[in-house]
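Participant: Sequence and computational prediction follow.
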Amino acid sequence: MASIYIVGQWGPEAAERCYGPFVTATTAQAQDVEAKIFLMMDAVYLMKKGIAEKIKAPGFPPLPELIDSFLNAGGKIEVCSNSATFRGLKEKDFRDKRIEIAGAAAMINDVLKHDKVMFF
């Protein structure tokens, strides 16, 4: 099975850009491509309870639905440990217990094992 590793960097300040990782990941899943998302910088805010519900971009489905759809289809989301610490976020703050904190070493390992890597 093909695989894709998606790195998201944009947070609530750029509503349209927030959708990139999740639209791409759910589309990949629909095409039988394994997808994993790693969020860093301001993108880590997207996993904080209540934040995704506030983000709206015309023409896109609700962001919480995309996130839940991705997770429910077996997708994995990791949040950069340094970015989370910088912003005072802990796993208990996340919208879903399946979202994990991971460091740079985990990101590098995942980049090396996936077929393709995309940055948003």
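Facilitator: Arrived safely. From a predicted model like this one, the values you see are computed outputs, not experimental measurements.

Participant: As a check, name the ranges of all helices in this protein.
Facilitator: Counting by DSSP state H, the chain has these helices, from start to end: 15-30, 63-72, 81-86, 104-113.

Participant: any idea which residue sits dead centre in the protein?
Facilitator: Ile37 (4.3 Å; CA atoms, centre = their mean).

Participant: Which strand residues bridge that residue?
Facilitator: Ile6, Ile77 (DSSP bridges).

Participant: mind checking which of the helices of the chain is nearest Phe119?
Facilitator: helix 15-30 (9.1 Å; CB to CB). In short, each C-beta sits where N, CA and C put it, glycine included.

Participant: same for the closest one, what does it pack against?
Facilitator: When contacts are defined as 3 or more CB pairs under 8 Å, 6 or more residues apart in numbering; DSSP states H and E, helix 15-30 packs onto strand 3-8, strand 34-39, helix 63-72.

Participant: low-scoring stretches of the chain, by residue?
Facilitator: Within the chain, not a single segment meets pLDDT under 70.

Participant: Switch the helices of the chain over to JSON lines; also include mean neighbour count and distance to Ile51.
Facilitator: Compiled in JSON lines, these are given as follows (neighbours: other CB atoms under 10 Å; distance: least, CB to CB, whole Å):
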{"stretch": "helix 15-30", "mean neighbour count": "19", "distance to Ile51": "10"}
{"stretch": "helix 63-72", "mean neighbour count": "18", "distance to Ile51": "9"}
{"stretch": "helix 81-86", "mean neighbour count": "16", "distance to Ile51": "13"}
{"stretch": "helix 104-113", "mean neighbour count": "12", "distance to Ile51": "22"}
